[in-house]
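Asks: how would this look folded up:
(4 chains)
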4 protein chains.
Amino acid sequence: MGKGRLEAFSDGVIAIIITIMVLELKVPHGTDWSSLTPLFPVFLSYVLSFVFIGIYWNNHHHMLHAIQHVNGKILLANLHLLFWLSLVPFVTGWMGENHFAALPVALYGFVLLMTGFAYLVLARLLAAYEGKDSQLALALGRDYKGKASLLAYAIAIPLSFVKTWMAFIIYVGIAIMWFLPDPRIEKTVAK
Amino acid sequence: MGKGRLEAFSDGVIAIIITIMVLELKVPHGTDWSSLTPLFPVFLSYVLSFVFIGIYWNNHHHMLHAIQHVNGKILLANLHLLFWLSLVPFVTGWMGENHFAALPVALYGFVLLMTGFAYLVLARLLAAYEGKDSQLALALGRDYKGKASLLAYAIAIPLSFVKTWMAFIIYVGIAIMWFLPDPRIEKTVAK
Amino acid sequence: MGKGRLEAFSDGVIAIIITIMVLELKVPHGTDWSSLTPLFPVFLSYVLSFVFIGIYWNNHHHMLHAIQHVNGKILLANLHLLFWLSLVPFVTGWMGENHFAALPVALYGFVLLMTGFAYLVLARLLAAYEGKDSQLALALGRDYKGKASLLAYAIAIPLSFVKTWMAFIIYVGIAIMWFLPDPRIEKTVAK
Amino acid sequence: MGKGRLEAFSDGVIAIIITIMVLELKVPHGTDWSSLTPLFPVFLSYVLSFVFIGIYWNNHHHMLHAIQHVNGKILLANLHLLFWLSLVPFVTGWMGENHFAALPVALYGFVLLMTGFAYLVLARLLAAYEGKDSQLALALGRDYKGKASLLAYAIAIPLSFVKTWMAFIIYVGIAIMWFLPDPRIEKTVAK
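Replies: Presented below is the predicted three-dimensional model:
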């Protein structure tokens, strides 16, 4: 089974998710600077989530570039990833509108943790389907970066209830770590 | 006529439907657990509908994979399917926000029944267009699963007014039954 | 210049337009039949607009199927068509929520008139670019159906202020007339 | 790495941005002309932004048509462009709903300035990747038009606080200047 429609559908869903988040930036009624001030945390959350979803699209693009075929299990694992991604606008809005209160920050981390986990499952299934000597399997290797991210989220979630800003710093750190396209896959594919 | 744009348009519409449902998960004003509690039934409805729409996308993908061409009637039958799918976010929101009251649960079932019927019509038209010895016609066969689903919806709708939770259990059962990609088509295509 | 991205972008925009209209079907607070009653005119408007936009997608699909290349003017004419289509959700919502009052029904007709006009301009440009002996030019011919629709809208708009329901009947009549894919193009292409 | 998915994802995001702007045109409660009056500035903003986003899609289409491959940096530069484009619906709504007050008009210009800057960065990266003798590099040349636009925005932003309508006139002027597809690229490609 070809991968074309899987890519097209994922592109569609991710494009919509990344765009509807901006609807949480509600148009203010005033026209001065002070009417923009309450939007600042919402905007900050939007930027962070835009970067995260952009990274996922980017890596999803790289990963599927390295493979040729998909099966039924992979379609389901991809839907599972899209499900968690689809919850990002909700937690982004909740975190932003409540000025980074503890529980919203923790839930934001939980959704990112589940998204990262769903991505890891999809990557494993793809690597297994391609074979352990495939480009993708070699490129993924032991996937220290993916596992480190999951660990960091798992630390950040309880930390939200102690020092909320520290959890937020961890999220930003993970985003920066992933910001550049995965050199493992790009290098291996380039060989 | 090629099937490319039919797939692209359907992917677009289904991707939007599956994503705008999350807009019913309205960001709560509070920041504690109790402010999330009223969202639980909305979230549960969202999960169920996400699974249903994911299944439709999945099976639509499989079905169109097995064919090569489409005609005008098929385009209309596909639009008909998309019409009923487009009503899923509305009935999902109504069911979730009213904590699974009888009429919303019944209407949810009715929209799923009509969606299932529209899918069946599309499948028949595709099989007829491909010919009765085609892969698709053989793969669909007598389509016990599709017919059983319609029957189950037809039972669940009146049942909503008697024991609402039983109707809901039937919907969940149908979702589980369809969750895995249709082995009939995958097997036949693989031959 | 290839037509691939023109089709992809148009499919995307049309898919979103046809889907966001359903957001006007606001989830009611009650759970009985009477809470659905005020939604009936909104639903009726939605069905009519879904059919119209479905027809446009369908015919757009047929028309672009018959051509190979596009130029800058055609891209702009296509954007012009998408602009008027993008106003359909607004006029649909206004007409539905006001139970088919005179001015909303007239404005609905005006947007459909401009959409039809934009479609006609796009068709002319495509036929001119392909050459007067092209499949598309022959298929369009004198385009009685397109011109008749524009005339019908032009009659319906003032009529909205006299007998609103007659304007609505005209819209429904036009929708039915266009409902089947254009046999002119399909036949010519099939030759 | 192929450019297909970059185009598909960008088309998706741009299609959604151009379409969700129409959601700011809130359905009015009245049914007479006076209930439409307050929507006029919102509509005017919508038209201007539709033209701007249409131009970006158009030129993005032209630019990517002239190239064959993309790399990781280009994907990020494209995401950066989409980020600024995604803020257009917000500033469009704010400007329209406040009848072109000074600060919203300035912020509108700022978002357009950053979008133009992001486009310029993307164009530079593409030209560098293709090589300085490539079609695209030659077509872009010294890019007087792009630079002139950025300068014009930089003038319009402070001007918003002095004579708001003059800033608006500048935006309209830039839109008109870009309205036709870039002849530089079309000509060079056509050679």
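Asks: Give the burial count for A:V121, as a bare number.
Replies: By other CB atoms under 10 Å in any protein chain shown, 17 other residues sit near A:V121. For the C-beta atoms, the positions are set from N, CA and C on the backbone; glycine is no exception.
Asks: A:H69 too?
Replies: A:H69 is surrounded by 12 other residues when neighbours are defined as other CB under 10 Å.
Asks: The one 5 residues further on now?
Replies: Residues within reach of A:I74, counting by other CB under 10 Å, total 21.
Asks: Wait, it touches A:L126, no?
Replies: Yes. Counting by CB atoms under 8 Å, A:I74 sits close enough to A:L126 to count as a contact (6.3 Å).
Asks: Next to chain B in this structure, residues from chain A, please.
Replies: Remark: the part of chain A in contact with chain B comprises A:1-2, A:5-6, A:8-9, A:12-13, A:15-17, A:20, A:23-24, A:72, A:75-76, A:79, A:82-83, A:86-87, A:89-90, A:93-94, A:97-98, A:101-104, using CB under 8 Å from any CB of the partner chain.
Asks: Please point out which parts of the longest helix along chain A sit buried.
Replies: When chain A is parsed with DSSP state H, its longest helix is helix A:102-130. In terms of neighbour count (16 or more other CB atoms under 10 Å in any protein chain shown), helix A:102-130 has its buried residues at A:102-123, A:125-127, A:129-130.
Asks: what residue ranges in chain A score low on pLDDT?
Replies: Across chain A, the ranges flagged by pLDDT under 70 are A:1-2, A:141, A:180-191.
Asks: in chain A, which spans are helices?
Replies: A:4-20, A:33-36, A:40-65, A:72-86, A:88-97, A:102-130, A:135-140, A:144-159, A:164-179, A:183-190.
Asks: Report the angle between the fourth one and helix A:40-65.
Replies: Read that as helix A:72-86. On the basis of axes from the mean of the first three to the mean of the last three CA atoms, to 10 degrees, helix A:72-86 is oriented at 170 degrees to helix A:40-65.
Asks: relative to helix B:164-179, how tilted is helix A:72-86?
Replies: Regarding helix A:72-86 and helix B:164-179, their directions subtend 130 degrees when assessed with the same axes, to 10 degrees.
Asks: for the nearest residue in space to A:F90 that is not next to it in sequence, what are its contacts?
Replies: The spatial neighbour of A:F90 that comes closest, neighbours along the chain excluded (CB to CB, 6 or more residues apart in numbering or on different chains), is B:L25 at 4.8 Å. When contacts are counted by CB atoms under 8 Å, 6 or more residues apart in numbering or on different chains, B:L25 is found next to A:L87, A:F90, B:L39, B:V42, B:F43, B:Y46.
Asks: Just the buried ones among these, please.
Replies: Here the buried ones among those, as counted with 16+ other CB under 10 Å, turn out to be A:L87, A:F90, B:L39, B:V42, B:F43, B:Y46.
Asks: quick one: A:I16 and B:I14 touch, right?
Replies: No. Look at A:I16 against B:I14 with CB under 8 Å: they stay out of range, at 10.9 Å.
Asks: Quick one: name the residues of chain A near chain C.
Replies: A:G12.
Asks: Check the buried ones among the contacts of B:L25 and tell me the two furthest apart.
Replies: Largest separation among these by CB to CB: A:L87 and B:V42, giving 12.3 Å.
Asks: tell me the angle of the longest helix of chain A relative to helix A:40-65?
Replies: With the same axes, to 10 degrees applied, the angle from helix A:102-130 to helix A:40-65 works out at 10 degrees.
Asks: Can you name the residues that contact the closest residue to A:M95 other than its chain neighbours?
Replies: The spatial neighbour of A:M95 that comes closest, neighbours along the chain excluded (CB to CB, 6+ apart), is A:P104 at 4.2 Å. A:P104 makes contact with A:V91, A:W94, A:M95, A:N98, B:T31 under the criterion CB under 8 Å, 6+ apart.
Asks: so which of those residues is the most crowded?
Replies: Within the contacts of A:P104, most neighbours by other CB under 10 Å means A:M95, with 30 neighbours.
Asks: Please name the residues that touch that residue.
Replies: By CB under 8 Å, 6+ apart, the contact list for A:M95 reads A:P41, A:S45, A:A101, A:P104, A:V105, A:L107, A:Y108.
Asks: What is the burial count for the nearest residue to A:I155 once chain neighbours are set aside?
Replies: Spatial nearest neighbour of A:I155, chain neighbours left out: A:I170 (6.8 Å); criterion: CB to CB, 6+ apart. Neighbourhood size, A:I170 [other CB under 10 Å]: 19.
Asks: Next: the one 5 residues further on.
Replies: Other residues near A:A175 come to 19 when the count uses other CB under 10 Å.
Asks: list the contacts for it?
Replies: Taking CB under 8 Å, 6+ apart as the criterion, A:A175 is in contact with A:L48, A:V51, A:F52, A:I55.
Asks: Which of the residues you listed ranks first by neighbour count?
Replies: Among the contacts of A:A175, A:F52 has the most neighbours (other CB under 10 Å), with 24 neighbours.
Asks: quick one: contacts for A:S149?
Replies: With the criterion set at CB under 8 Å, 6+ apart, A:S149 makes contact with A:G116, A:I174, A:M177, A:W178.
Asks: I meant to write A:I157 there.
Replies: A:I157 makes contact with A:A106, A:G109, A:F110, A:L113, A:A167, according to CB under 8 Å, 6+ apart.
Asks: Quick check: it vs A:T164, distance?
Replies: In this structure, A:I157 and A:T164 are 11 Å apart, going by CB to CB, to the nearest Å.
Asks: How about A:M95?
Replies: Distance from A:M95 to A:T164, counting by CB to CB: 10 Å.
Asks: Quick check: neighbours shared by those two?
Replies: Shared contacts of A:M95 and A:T164, defined by CB under 8 Å, 6+ apart, comprise A:A101, A:V105.
Asks: The closest residue to A:A128 other than its chain neighbours: how many residues sit nearby?
Replies: Leaving out its chain neighbours, the residue that sits closest to A:A128 by CB to CB, 6+ apart is A:A137, at 7.9 Å. A:A137: 19 surrounding residues under other CB under 10 Å.
Asks: wait, doesn't A:A137 sit right on A:Y129?
Replies: No. With contact defined as CB under 8 Å, A:A137 and A:Y129 do not form a contacting pair (9.7 Å).
Asks: list the contacts for A:K132?
Replies: Taking CB under 8 Å, 6+ apart as the definition of contact, A:K132 has no neighbours.
Asks: Tell me how far it lies from chain B.
Replies: In this structure, A:K132 lies at 23 Å from chain B, with CB to the nearest CB, to the nearest Å as the measure.
Asks: Repeat that for A:Y56.
Replies: 14 Å.
Asks: Give the burial count for that residue, as a bare number.
Replies: When neighbours are defined as other CB under 10 Å, A:Y56 has 25 of them.
Asks: Alright, that wraps it up for me.
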